[in-house]
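Undergrad: Return atomic coordinates for the entry below.
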Amino acid sequence: MAAPADHGLSFLDLRYQLLLFYLQDLTHLISLKTDGAKIKESEAIERAVTIRTVLEKMRPLDHKLKYQIDKLVRTAVTGSLAENDPLHLRPNPENLMSKLSDSEESCGEDGAAEISEKTAASGDRKYIPPKIAPMHYDGDMTEMDQKKEQVDRLRRAALRSSVIQELREQYSDTPEEIRDRRDFQTEPFKKYK
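TA: Predicted coordinates:
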């Protein structure tokens, strides 16, 4: 039996009624076809198409409610959910609220007391992250490794220098490459018409 429809039909009742009407129209069409009658002018085709369209539009909502429906059906069948059942797990918004009173929160560490005084003075209770100075992590490098890395960096910088590039171009066997470089930042903008 369906629940009283004080606030309209429930989603599941509507869905089951639409499926029932859809099947009725399909069986009516099949019976007409087996009798040899033409189904071209039958109203059952229009109703079946309309109901099918409504059912297709209900499908995303059905997917959203699938979790809750499965949970309720499982609870109805077994009587209760198992402790390790994944359907038993759900968010509890009450856990997000502080269970300490305001006076207990301000009695914490000195840093926490300063932060709570700042937030109490400003009026809102915003989180203020601690200020930590960023530092470069050298890792587990020894002094020898650091010196080798610095020598490699200097060698790469020397190889990129213009003098070495010119010497490499002068004594290499490769053909000379001529590039037409323009400096678009310093060159005034010209409009082409």
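Undergrad: residue contacts, I45?
TA: 25, 29, 39 (Cβ atoms under 8 Å, 6 or more residues apart in numbering). All C-beta spots, glycine's among them, are computed from the backbone N, C-alpha and C.
Undergrad: what comes up buried for the helix or strand harbouring it?
TA: Element membership of I45, judged by DSSP states H and E, is helix 43-78. Going by neighbour count (16 or more other Cβ atoms under 10 Å), the buried part of helix 43-78 is 44, 47-48, 51, 71, 74.
Undergrad: can you list those in TSV and add pLDDT and distance to S10?
TA: Listed next are the buried residues of helix 43-78 as TSV, based on pLDDT from 0 to 100; distance: Cβ to Cβ, whole Å:
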residue	pLDDT	distance to S10
A44	91	26
R47	94	22
A48	94	23
I51	95	18
K71	78	16
R74	78	19
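Undergrad: nearest to K147, of the residues you listed?
TA: K147 lies nearest to K71 out of the buried residues of helix 43-78, by Cβ to Cβ, at 64.4 Å.
Undergrad: quick one on the thing from earlier: which one of the contacts of I45 is nearest to S161?
TA: D25 (84.5 Å).
Undergrad: which helices and strands sit right next to the helix or strand hosting R156?
TA: R156 is part of helix 143-159 when elements are defined by DSSP H and E. For helix 143-159, not one helix or strand is in contact under the criterion 3 or more Cβ pairs under 8 Å, 6 or more residues apart in numbering; DSSP states H and E.
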